[in-house]
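Got a sequence here, can you model it:
(2 chains)
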Protein chains: 2
Amino acid sequence: MTGHSFDDAVALQHTAPGRMRAKTSTDWANMVGPFGGLTAALMLRAVEEQPDRIGEPLSLTVNFAAPITDGDLDITATAVRTNRTNQHWLVELSQDGVVTTTATTVFGIRRDTWSETEASPWQVPAPEGIAPTGLHPTIAWARNFEMRFVEGAVPGADAEPSPSSVSTLWVRDVHGRGLDFASLTAVSDVFYPRVYLRRGAVSPAGTISLTTYFHADSGDLAAIGGDFVLARAHASRFSRGYFDQSAQLWSRAGELLVSTHQMVYFKT
Amino acid sequence: MTGHSFDDAVALQHTAPGRMRAKTSTDWANMVGPFGGLTAALMLRAVEEQPDRIGEPLSLTVNFAAPITDGDLDITATAVRTNRTNQHWLVELSQDGVVTTTATTVFGIRRDTWSETEASPWQVPAPEGIAPTGLHPTIAWARNFEMRFVEGAVPGADAEPSPSSVSTLWVRDVHGRGLDFASLTAVSDVFYPRVYLRRGAVSPAGTISLTTYFHADSGDLAAIGGDFVLARAHASRFSRGYFDQSAQLWSRAGELLVSTHQMVYFKT
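Prediction:
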């Protein structure tokens, strides 16, 4: 117990080399099972804690194969390949011997090269001028984040369909916990399903595969600390039960931290 | 042998349940090893050919862990989880017992829902008015595609750095082979590294992780046949040895077929 619910939720008990045990956390519950971003964070953390891990996260793909029920989580992390400057991992999360979640992640050592951010930061009001709202209070995990929506807040009971799937929000840990790769992974999945916005109503939806690309290194994250990051998501196509979502996360100082993408199941 | 080099290159010999053997193809060679898009196509095809496979591809992530050398390829495909309407697979490609490539893919059954394409098709000249160019003739795999660049063709010997990483091209199979999921997967990786364009020069670069989201179903692909598709890619951030790339593929009729993303290693 560290006293912070995120740290507790991603705490791993190492039971054998590459094998870990965790527990679901009621603080991070979603409507069914845990918040997907927390599960993704757990998969990343499982690799971060391996003694033979090299470098920092470059990419992470998490596949949500089956619902996770409250209780114990068994995680295995296997270094499939170690190269000179990067390392490929396979991670599996199971409950009672049944795989619920798979992930692959690439860690790597960064080095000085020509660097440039081609994407432009968005011109939006500072978070201080925006009222904090968030998601519906019954969504436990969302209470861990302070969310200040620039546009595209969750549709209310009298909402109309929107022609745009864009949400832009400032978001930070409600307790001021500093960003690290695990929490950045969780924040990368902070967006409610885009179909809610397009249809003006809540409907069944769930991520099936989530990919996160890390542009920031640990020094960049330390500099942000517990400050707000700016997050924007949109969908490209809703088609026969599935839609894609793409998003970026920026620091307040105008650094692109993450590009993240997912394929989402929906029913409406 | 089917007479078409793509079909030959993704041909699988089934040696045991979930185990297959393939061979590298000189027609699909890149500068080092095979074209990544072909390897991705092979991973997808390995699942498509499993007798217990349900539905069609929704998402695919391929991790390029180690170089592939010319010769035999051993592929395993494991259904990690089968749900009512989707199925999660793990695929591994190895040579002489060493894993070179991992993939996860989700297949699913599509069904009628509210559907809409939010992204807008691009206004570009028809392919018939653009001269076919392509990549450098020493790049074997690229000779399988007819490429007509709207913008962002490969920088020549006297190229200057470009402020934009965008390439837009019409592309089709040079022999008129009809699109299927495997060939669509290959086309989704048709873009040369964005860093070439930004720096105005060819430099070492290679994809480390590639994710493809499929919006089209097999009926949509059959309707396209061997016609051109319109492909556009861009990068968001180049940072300390890595950059991300996002791209879309559209049919000539204005249907969004694929959203695809990758993280790329570079040195410059």
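
ok, which stretches of the stretch 1-150 of chain A are helices?
A:5-9, A:36-48 (DSSP state H, counting those that start in this stretch).

Report the mean per-residue pLDDT for the shortest one.
This means helix A:5-9. Averaging pLDDT along helix A:5-9 yields 96.

in it, what's buried?
A:5-6, A:9 (16 or more other C-beta atoms under 10 Å in any protein chain shown). All C-beta spots, glycine's among them, are computed from the backbone N, C-alpha and C.

Could you tell me how far that helix lies from the centre of the chain?
Mean-position distance between helix A:5-9 and its chain equals 14 Å (C-alpha atoms, centre = their mean, to the nearest Å).

now for it, which elements pack on it?
Judged by 3 or more C-beta pairs under 8 Å, 6 or more residues apart in numbering or on different chains; DSSP states H and E, helix A:5-9 is in contact with helix A:36-48, helix A:181-187.

Of all those helices, which one is nearest chain B?
Proximity to chain B (C-beta to the nearest C-beta) singles out helix A:36-48 among the helices and strands packed on helix A:5-9, at 12.0 Å.

Could you export that closest one as PDB, CA atoms only?
Provided in PDB are the C-alpha atoms of helix A:36-48 (Å, rounded to 0.1, in the frame of the first residue of the first chain):
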ATOM      1  CA  GLY A  36      -9.300  -0.600 -19.700                       C
ATOM      2  CA  GLY A  37      -6.600   2.000 -19.200                       C
ATOM      3  CA  LEU A  38      -5.800   0.600 -15.800                       C
ATOM      4  CA  THR A  39      -5.500  -2.900 -17.200                       C
ATOM      5  CA  ALA A  40      -3.200  -1.500 -19.900                       C
ATOM      6  CA  ALA A  41      -1.100   0.300 -17.200                       C
ATOM      7  CA  LEU A  42      -0.800  -3.000 -15.400                       C
ATOM      8  CA  MET A  43       0.500  -4.800 -18.500                       C
ATOM      9  CA  LEU A  44       3.100  -2.100 -19.000                       C
ATOM     10  CA  ARG A  45       4.100  -2.100 -15.300                       C
ATOM     11  CA  ALA A  46       4.600  -5.800 -15.400                       C
ATOM     12  CA  VAL A  47       7.300  -5.300 -18.000                       C
ATOM     13  CA  GLU A  48       8.800  -2.200 -16.300                       C
END
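
nearest spatial neighbour of A:Ala131, skipping sequence neighbours?
Excluding the flanking residues, the one nearest A:Ala131 by C-beta to C-beta, 6 or more residues apart in numbering or on different chains is A:Arg148, at 6.9 Å.

so that neighbour makes contact with A:Leu169?
Yes. A:Arg148 lies in contact with A:Leu169 (C-beta atoms under 8 Å); the separation is 6.1 Å.

When these two are compared, which one has more neighbours?
Neighbour count, other C-beta atoms under 10 Å in any protein chain shown: between A:Arg148 and A:Leu169, A:Leu169 has more, with 27 against 23.

Tell me how far that one lies from chain B.
Computed with C-beta to the nearest C-beta, to the nearest Å, the distance linking A:Leu169 and chain B is 19 Å.

Next, the contact list for the closest residue to that residue other than its chain neighbours, please.
Nearest residue to A:Leu169 in three dimensions, chain neighbours excluded: A:Phe149, at 4.6 Å (C-beta to C-beta, 6+ apart). A:Phe149 makes contact with A:130, A:133, A:167-169 under the criterion C-beta atoms under 8 Å, 6 or more residues apart in numbering or on different chains.

roughly how far apart are A:Phe149 and A:Glu160?
Using C-beta to C-beta, to the nearest Å, A:Phe149 is found at 17 Å from A:Glu160.

can you check A:Arg198 too?
11 Å.

Neighbour count: the two, which is higher?
A count of neighbours by other C-beta under 10 Å puts A:Arg198 above the other of A:Arg198 and A:Glu160, at 22 against 9.

what kind of secondary structure is that one in?
Secondary structure assignment for A:Arg198 (DSSP: H, G, I helix; E, B strand; the rest coil): helix.

check contacts around it.
With contact taken as C-beta under 8 Å, 6+ apart, A:Arg198 is in contact with A:161-165, A:235, A:238, B:116, B:118.

same thing but 6 Å
If you count contacts by C-beta atoms under 6 Å, 6 or more residues apart in numbering or on different chains, A:Arg198 has them with A:162, A:165.

and if you look at the one 4 residues further on?
Taking C-beta under 6 Å, 6+ apart as the contact definition, A:Val202 lies against A:Tyr196.

ok, what's across the strand from A:Ala103?
Legend: beta-bridge partners of A:Ala103 under DSSP bridges are A:Val62, A:Val91.

Pretty sure it sits against A:Arg45.
No. Taking contacts as C-beta atoms under 6 Å, A:Ala103 lies outside contact range of A:Arg45: 11.1 Å.

Which one's more surrounded, the two?
Taking other C-beta under 10 Å, A:Ala103 and A:Arg45 do not tie; A:Ala103 has more neighbours (27 against 24).

per-residue pLDDT, the more buried one?
Reported pLDDT for A:Ala103: 98.

rewinding a little: any idea which of the buried residues of helix A:5-9 is closest to chain B?
Looking across those and measuring by C-beta to the nearest C-beta, the closest to chain B is A:Ala9, at 23.3 Å.

residue contacts, the closest one?
By C-beta under 6 Å, 6+ apart, the contact list for A:Ala9 reads A:25, A:28, A:38.

what's the helix or strand for A:Met263?
strand A:256-266 (DSSP states H and E).

follow-up on the earlier one: may I see the contacts of A:Ala9 organised as TSV, with pLDDT added?
Formatted as TSV, those follow (pLDDT from 0 to 100):
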residue	pLDDT
A:Ser25	97
A:Trp28	97
A:Leu38	98
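
Most neighbours among the residues you listed, please name it.
A:Leu38 (28 neighbours).
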